[in-house]
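Novice: next input, structure requested:
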Amino acid sequence: CLQFNADTQSCDQYLAGNIVKIGASNGGAFALFADGSLYGWGHWRYLTHTGNDVLTATRVCAQYDYTADQCVQYLANVVDFEIGNYVAIAMTADSLVAPTQYRYWSWAGTALGTLGNPAFSTSSYPVPVCNSFSDVSNSCVSVLTSNAPLPLAAGSNHFSVITRETRANVTNIRLKSWGSNRMGQIGDGTGFYPLPVAVSLP
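Specialist: Got it, this is the predicted structure:
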């Protein structure tokens with residue numbers, strides 16, 4: 001439901017349209033539309049910018065003005081997403097016209113490096129996943145990108161993505177992960193990783 005009528009206890013407007021993907025986990029859910037918009041709802045205070053349970057479908061906001069109580073900019077051009085245990089990741093396209101770059105956004109309710117952005121421990125709205133980070137400016141030096149929309153995955157407290165980079169006519173395809181590594185999710189059995197690292201494969 002997009003709009004619930006509290007007086008009649010009924011839905012005035014349902015979520016409808018060209019939905020291309022749905023996902024759910026631990027009381028929260030998302031729906032991705034063909035136009036690149038992403039909606040979320042459910043019992044998860046980090047599901048959207050509100051920080052509260054979301055009883056009706058709400059478009060995921062990338063920038064929210066809490067003073068004016070309105071979204072300034074929605075997360076747009078979303079091409080894929082995954083939802084895990086109180087964590088979520090989305091891939092967006094810089095342009096809808098090929099060739100384009102794809103970048104990653106994450107939001108979560110854990111403080112185990114899940115966001116891939118050391119400037120935040122938790123976030124109720126999407127933040128860019130860093131490729132490199134400056135402790136001096138407390139911000140991304142560069143963001144994680146790919147020149148192809150390859151698979152991504154969300155776990156309990158970690159993410160994994162496959163990226164493709166082409167430089168000087170050389171193409172590199174890598175599996176990168178970040179977040180909790182307490183059970184060896186990243187591949188070496190130590191600590192946690194607040195930034196994406198390449199997974200060593202046999």
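
Novice: helix or strand for residue 92, which one?
Specialist: strand 87-93 (DSSP states H and E).

Novice: again, but for residue 82
Specialist: With DSSP H and E as criterion, residue 82 is part of strand 78-83.

Novice: distance between that strand and the chain's centre?
Specialist: Distance of strand 78-83 from its chain centroid, counting by Cα atoms, centre = their mean, to the nearest Å, is 7 Å.

Novice: who are the packing partners of that strand?
Specialist: strand 19-25, strand 28-33, strand 87-93, strand 152-154 (3 or more Cβ pairs under 8 Å, 6 or more residues apart in numbering; DSSP states H and E). For the C-beta atoms, the positions are set from N, CA and C on the backbone; glycine is no exception.

Novice: note down every partner strand of the third one and its orientation.
Specialist: Using DSSP bridges, the neighbouring strands of strand 87-93 in the sheet come out as strand 78-83 (antiparallel), strand 102-108 (antiparallel).

Novice: could you point out which of the ones you listed sits nearest residue 17?
Specialist: strand 78-83 (14.0 Å; Cβ to Cβ).

Novice: tilt between the closest one and strand 19-25?
Specialist: 20 degrees (axes from the mean of the first three to the mean of the last three Cα atoms, to 10 degrees).

Novice: return strand 78-83 as PDB; C-alpha atoms alone will do.
Specialist: Extracted C-alpha coordinates of strand 78-83, given in PDB (Å, rounded to 0.1, in the frame of the first residue of the first chain):
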ATOM      1  CA  VAL A  78      18.700   1.800  -9.500                       C
ATOM      2  CA  VAL A  79      19.500  -1.300 -11.500                       C
ATOM      3  CA  ASP A  80      19.800  -3.900  -8.800                       C
ATOM      4  CA  PHE A  81      19.600  -4.400  -5.000                       C
ATOM      5  CA  GLU A  82      19.900  -7.000  -2.300                       C
ATOM      6  CA  ILE A  83      18.600  -7.100   1.300                       C
END
